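Chemist: Any chance you could fold what I've pasted below:
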Amino acid sequence: MFENNLWTMEPVGRPENTIQGDKYRFTLLTPCLIRMEYREDGKFEDRPTQVVWNRKFDPVDFRVEKKGEGFELFTDRMHVTYAGGPFTKNSLNLNAVGGQNAYGAVWYYGEKGDNLGGTARTLDEVDGECPLQEGIMSRSGCSQIDDSHSLVLDENGWTQVRTGDGVDIYVFAYGNDYKEALNDFYRLTGKTPMLPRYALGNWWSRYYAYTEDSYKALVTRFEKEKIPFSVGVLDMDWHLVEEVDPKYGSGWTGYTWNKKYYPDPERFMNWLHDHGMKISVNLHPAGGIRASRKHIRLWRRNWEM
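Modeler: Residues are numbered from 1 along each chain as shown. Next up, the predicted model:
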């Protein structure tokens, strides 16, 4: 168990729910949810990842019938057939109860099916309909999460790069029981905290180099026009963007206030709070943080004052 004052993770699946060979491992999480792993080196991952935090679900009733190099696995909600060897469409499939087909839904490894969609990584330059990434619900009755390439987490919550190559997927075989699939997805990935009330209000966000004075003037005008906002977002120009030392990365990320625009950040934030607004700042840390952790801790302490 990984536990601190912020979260609890139970990333190791139950041994009694596990079917394992030299290069494969199948872990049942529920009668409808199964983790499937294949590694040529036989070194399987038991740490939590960016996506998956909990794998210790309740015991599952199942039976296994050995078939050559593989097996057939049965629960009361699905039937998995694995012929052995690397995962392919011909070696691995699953039959679930409850898809559009009255006789069940069949999923083959690598098949997407009639997925209902999930989230979009960004809305930048979107004008109209937006393509979505795959979600956990499908009209065909089966869907999958591919967790093969996400980073893993250590006991302090810091990300680590996976070693080696392999397949690490989760197949949702819930048929059309979308609510049950969603509940178990949250159990797998960690419960979502309840949103604070202010987060459900109006947010002001614009990619624009505001100054303290121009932002205050904007908020004052909103109040005059009786336009309610609960959150003020400062885009990336709140921090230094130009003339950044290369050792700290590019101007896309950073934690140093731009004193030319915000000469007294604490004064500005207190002003927004006095006017009933919470504050969000825009960060783009995709390239990592190149300053020391000491600097980050100092920034956080000053921000929380």
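
Chemist: give the contact list for Y178.
Modeler: For Y178, the contact set (Cβ atoms under 8 Å, 6 or more residues apart in numbering) comprises M137. Placement of C-beta: from N, CA and C, glycine included.

Chemist: Quick one, grab the pLDDT at it.
Modeler: Note on Y178: pLDDT of 92.

Chemist: K247 too?
Modeler: K247 is assigned 71 on the pLDDT scale.

Chemist: do the same with the one 10 residues further on
Modeler: You'll see W257 listed with a pLDDT of 92.

Chemist: how close does it get to R206?
Modeler: Distance of W257 to R206, computed by Cβ to Cβ, to the nearest Å: 19 Å.

Chemist: who's more crowded, those two?
Modeler: Using other Cβ atoms under 10 Å, the more surrounded residue of W257 and R206 is W257, with 21 against 9.

Chemist: show me where the stretch 1-150 of the chain has strands.
Modeler: Ranges of strands in the stretch 1-150 of the chain, per DSSP state E, counting those that start in this stretch, are 2-3, 8-9, 18-20, 24-30, 33-38, 63-67, 70-74, 78-82, 92-96, 105-108, 143-146.

Chemist: what pairs with the third one, and is each one parallel or antiparallel?
Modeler: Paired strands of strand 18-20, with direction, are strand 24-30 (antiparallel) (DSSP bridges).

Chemist: With only the CA atoms kept, save the strand it pairs with in CSV.
Modeler: Extracted in CSV, the C-alpha atoms of strand 24-30 (Å, rounded to 0.1, in the frame of the first residue of the first chain):
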residue,chain,number,x,y,z
TYR,A,24,2.1,-13.2,-19.5
ARG,A,25,0.0,-12.2,-16.5
PHE,A,26,-3.8,-11.8,-16.3
THR,A,27,-5.3,-10.2,-13.2
LEU,A,28,-9.0,-10.2,-12.6
LEU,A,29,-10.3,-7.0,-10.9
THR,A,30,-14.0,-7.6,-11.3
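
Chemist: how far does that strand sit from the chain's center?
Modeler: Computed by Cα atoms, centre = their mean, to the nearest Å, the chain-centroid distance of strand 24-30 equals 21 Å.

Chemist: Next, the angle strand 63-67 makes with that strand.
Modeler: Angle of strand 24-30 versus strand 63-67, following axes from the mean of the first three to the mean of the last three Cα atoms, to 10 degrees, is 160 degrees.

Chemist: Need the contact partners of strand 24-30.
Modeler: For strand 24-30, contacts defined as Cβ under 8 Å, 6+ apart pick out 13-14, 17-20, 34-38, 44, 55, 57-58, 60, 62, 73, 75, 80, 82, 84, 170, 184, 188.

Chemist: in the stretch 201-305 of the chain, which spans are strands?
Modeler: Under the criterion DSSP E, counting those that start in this stretch, the stretch 201-305 of the chain contains strands at 203-204, 231-234, 278-281.
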